[in-house]
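Q: Give me a 3D structure for the following:
(chains A, B, C and D)
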Number of protein chains: 4
Amino acid sequence: MNKNRLEAFSDGVIAIIITIMVLELKVPHGQDLATLKPLLPVFLSYILSFVYLAIYWNNHHHMLHASHKVTGPILWANLHLLFWLSLIPFTTGWMGENHFSEWPTALYGVVLLMAAIAYFILQGRIIASQGKDSLLRRAVGKDWKGKLSPVLYLLAIFVAFGSHWASKAIYVLVALMWLVPDRRIERALARTEA
Amino acid sequence: MNKNRLEAFSDGVIAIIITIMVLELKVPHGQDLATLKPLLPVFLSYILSFVYLAIYWNNHHHMLHASHKVTGPILWANLHLLFWLSLIPFTTGWMGENHFSEWPTALYGVVLLMAAIAYFILQGRIIASQGKDSLLRRAVGKDWKGKLSPVLYLLAIFVAFGSHWASKAIYVLVALMWLVPDRRIERALARTEA
Amino acid sequence: MNKNRLEAFSDGVIAIIITIMVLELKVPHGQDLATLKPLLPVFLSYILSFVYLAIYWNNHHHMLHASHKVTGPILWANLHLLFWLSLIPFTTGWMGENHFSEWPTALYGVVLLMAAIAYFILQGRIIASQGKDSLLRRAVGKDWKGKLSPVLYLLAIFVAFGSHWASKAIYVLVALMWLVPDRRIERALARTEA
Amino acid sequence: MNKNRLEAFSDGVIAIIITIMVLELKVPHGQDLATLKPLLPVFLSYILSFVYLAIYWNNHHHMLHASHKVTGPILWANLHLLFWLSLIPFTTGWMGENHFSEWPTALYGVVLLMAAIAYFILQGRIIASQGKDSLLRRAVGKDWKGKLSPVLYLLAIFVAFGSHWASKAIYVLVALMWLVPDRRIERALARTEA
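A: Here you go, the predicted structure:
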């Protein structure tokens, strides 16, 4: 199994997920600006999920860049990650349509949590395949972002039943935390090549 | 005709099929957890079909990895396989929506059966193109999984009219049987390179 | 402009068109075999269009394989072809839903006719870019299939208002005519390499 | 981060956007030519947006062809552009369905304006990454098209509230302006290689 095809397939699936989400923005039948108003929360949810999927695509690249061979466990861990990402359009749509309620907000977090765990498993499988001297292990280091995110998602899920706004604020916060570019892998690669 | 483009096109189609299926998970209009309940069978069907498509993508890769040239018959056998795979979102949606009934459960099996036959034909066309010394023929060996699956699908189709649960259990069983990694092709390749 | 990216983009668009068509096969709400009956003409239209798109993808490959550089006119001629192909899911759906009527059957032919003309223009642009000694010109030769198809589509469009069945028979006939593998380009390439 | 994967991902997203738009052309339930009549404005909007997306795809290629490395800011500027392009199916559908009204026509221009700005930012990020001697900077030159387009979109947005036809004429005009092939980058590349 060739790394390029794993990358290409993952790119394809993520590109489709990111684009299919826009279909939840149903074209309204009216023609005034007012008919767009109920779409606003759907639109904001779309932006948030777009950013999350962009972050996953970006980090996925960096991670695979630091890996060389694709084993069976890596392949299935990758498909497991794509499975959870593929549910994001659904949870985005549900949260967008019912923006003042707890359950959709909590479920949005559950899928993010499962995707984060899937990403963590995939990372572990790649590190395991690289043995003691794993480039990825050094690159990832203490991985505080990777460890903090699931905790924050879990918090957001519980907080949703108190205040769904607080919960949404946490989702935005985690996204911003990841938007800050993660240079660990690039740095480790640069060090190795030097 | 270049092998890479056949792989890329097949990857594209499978990536779209696997992602488009999620559109059958229609966003519910309510906001309670209870409104998700009718979606549960659709969701479970989605997981099953996701796994089947992932297995096909995976095996398709290994098979093409062991083939060198793309002839006209290989090309059309491949398109024939993609045709049956493209019907999986439909049968998944129908089974998910009518989870207690026989016909949708049986039809789900019919499409799996046709896809398995299409895969078998494609495999045969590649082996034929490789002549007597076919690497793929040696890799596939007795191919008990490839021969047993259609029999089990056929069984599941008939069993559906007695107990659709038994039928679904067979689908899960076949998926699990394939999930166990198939190292035949990798081994044959390794032997050749050694 | 690099040939690979033109090929990859065209592959992507054709892969999406071929898969999106299946969304016209709307999951029925009933659970008997009888609820599938109204879907039969949609399904048959889907098969026909799947075959047409597969033929286009296949011939498109062979044609680009025989071309070397991508000029501006080739690029836009290619996008023009993709435009008409992108309308096939619509005409397929309309013909499938109104299978006993003339207009949908005729419109199906109009889009096929426009796609055939667009293909012809693209072929002309590639030949023009290759100058007097064009490999593609020699490969295409008298191009009787390419010249006969638009005539048959035109016939089918007019015949539709007399008998939509005769019209559909012509569409099937043209597809079969193209399914017979077209070895002209392969042969011309082989001759050049020899 | 490798340039090829950025190109491939962008190609994938644009290919999906361009194809998904066709889903707004909902298959009508009637069978006369008259049932297509209400679809005509949707169809014309589809053509316009198809051309815009084709222009973006084309220019995006030329621009990336003139760039060598992909930095973090380039990556996010590219995702920002894809975000605005992904909204085109929505604004196309809304304008198509409400073709005699101002708001949909104006919003169509807003998304085009934002996409043009995003393209401008991406271009700036690439030029910045190339330093003083930027190939792209020389290629782009005075960039009068890139500077004129946002002004025209802005004009079209305001004009929409007076005459939505005038506004639509401006959109067509800008598209035609870009359709004239832009040889600046090709020329600059040719000069460099000479």
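Q: For the longest helix anywhere in chain A, name the packing helices and strands.
A: Scanning chain A for the longest helix, with DSSP state H as the assignment, gives helix A:102-130. Other elements packing on helix A:102-130 under the criterion 3 or more C-beta pairs under 8 Å, 6 or more residues apart in numbering or on different chains; DSSP states H and E are helix A:40-65, helix A:72-86, helix A:88-97, helix A:135-140, helix A:144-159, helix A:164-179. Where you see a C-beta, it was placed from the backbone N, CA and C, and this is true even at glycine.
Q: Of all these, which one is nearest B:Leu155?
A: Each of the helices and strands packed on helix A:102-130 was scored for nearness to B:Leu155 using C-beta to C-beta, and the closest is helix A:72-86 (26.9 Å).
Q: got a list of contacts for the closest one?
A: Counting contacts by C-beta atoms under 8 Å, 6 or more residues apart in numbering or on different chains, the residues outside helix A:72-86 that touch it are A:1, A:6, A:10, A:13-14, A:17, A:53, A:56, A:60, A:67, A:111, A:114-115, A:118-119, A:121-122, A:124-126, A:128-129, B:18-19, B:22, B:47, B:50, B:54, B:58, B:179, B:181.
Q: of those residues, buried ones?
A: In terms of neighbour count (16 or more other C-beta atoms under 10 Å in any protein chain shown), the buried residues within these are A:1, A:6, A:10, A:13-14, A:17, A:53, A:56, A:60, A:67, A:111, A:114-115, A:118-119, A:121-122, A:124-126, A:129, B:18-19, B:22, B:50, B:54, B:58.
Q: So for stretch A:56-71, mean pLDDT?
A: Rounded to a whole number, the mean pLDDT of stretch A:56-71 is 85.
Q: is chain D contacted by that stretch?
A: Yes: where contact is defined by C-beta under 8 Å from any C-beta of the partner chain, part of stretch A:56-71 touches chain D, namely A:57-58, A:61-62, A:65.
Q: Tell me which residues are up against stretch A:29-38.
A: Counting by C-beta under 8 Å, 6+ apart, the neighbours of stretch A:29-38 from elsewhere in the structure are A:28, D:97-98, D:101, D:103-104, D:107.
Q: So for that stretch, first residue to last residue, what's the gap.
A: The separation between the terminal residues of stretch A:29-38, taken as C-alpha to C-alpha, to the nearest Å, is 12 Å.
Q: So which residues on chain A come close to chain B?
A: Counting by C-beta under 8 Å from any C-beta, the residues of chain A that sit close to chain B are A:1-2, A:5, A:8-9, A:12-13, A:16-17, A:20, A:23-24, A:72, A:75-76, A:79, A:82-83, A:86-87, A:89-90, A:93-94, A:97-98, A:101, A:103-104, A:107.
Q: Buried subset of the residues you listed, written for ChimeraX?
A: To isolate the buried members of the residues of chain A next to chain B in ChimeraX, using 16+ other C-beta under 10 Å:
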select /A:1,5,8,9,12,13,16,17,20,23,24,72,75,76,79,82,83,86,87,89,90,93,94,97,98,101,103,104,107
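Q: got the contact list for A:Leu6?
A: Contacts for A:Leu6 were tallied using C-beta under 8 Å, 6+ apart; they are A:64, A:70, A:74-75, A:78.
Q: Any stretches of chain A with poor pLDDT?
A: Across chain A, the ranges flagged by pLDDT under 70 are A:1, A:181-194.
Q: quick one on the thing from earlier: any idea which of the helices and strands packed on helix A:102-130 is most buried?
A: Compared across the helices and strands packed on helix A:102-130, helix A:88-97 shows the largest average neighbour count, a mean of 25 (mean count of other C-beta atoms under 10 Å in any protein chain shown).
Q: Which elements pack onto it?
A: Using 3+ C-beta pairs under 8 Å, 6+ apart, helix A:88-97 is in contact with helix A:3-20, helix A:40-65, helix A:102-130.
Q: how does it look with 6 Å?
A: For helix A:88-97, the packing partners by 3 or more C-beta pairs under 6 Å, 6 or more residues apart in numbering or on different chains; DSSP states H and E come out as helix A:40-65, helix A:102-130.
Q: picking up where we left off before, using JSON lines, lay out the helices and strands packed on helix A:102-130 together with distance to B:Gly162.
A: JSON lines is the format used below for the helices and strands packed on helix A:102-130 (distance: least, C-beta to C-beta, whole Å):
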{"stretch": "helix A:40-65", "distance to B:Gly162": "44"}
{"stretch": "helix A:72-86", "distance to B:Gly162": "32"}
{"stretch": "helix A:88-97", "distance to B:Gly162": "34"}
{"stretch": "helix A:135-140", "distance to B:Gly162": "51"}
{"stretch": "helix A:144-159", "distance to B:Gly162": "42"}
{"stretch": "helix A:164-179", "distance to B:Gly162": "47"}
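Q: C:Ser134 is nearest to which of these?
A: Shortest separation from C:Ser134 across the helices and strands packed on helix A:102-130 is recorded for helix A:40-65, at 40.7 Å, computed as C-beta to C-beta.
Q: any idea of the angle that closest one forms with helix A:88-97?
A: Helix A:40-65 runs at 150 degrees relative to helix A:88-97, counting by axes from the mean of the first three to the mean of the last three C-alpha atoms, to 10 degrees.
Q: Sounds good, over and out.
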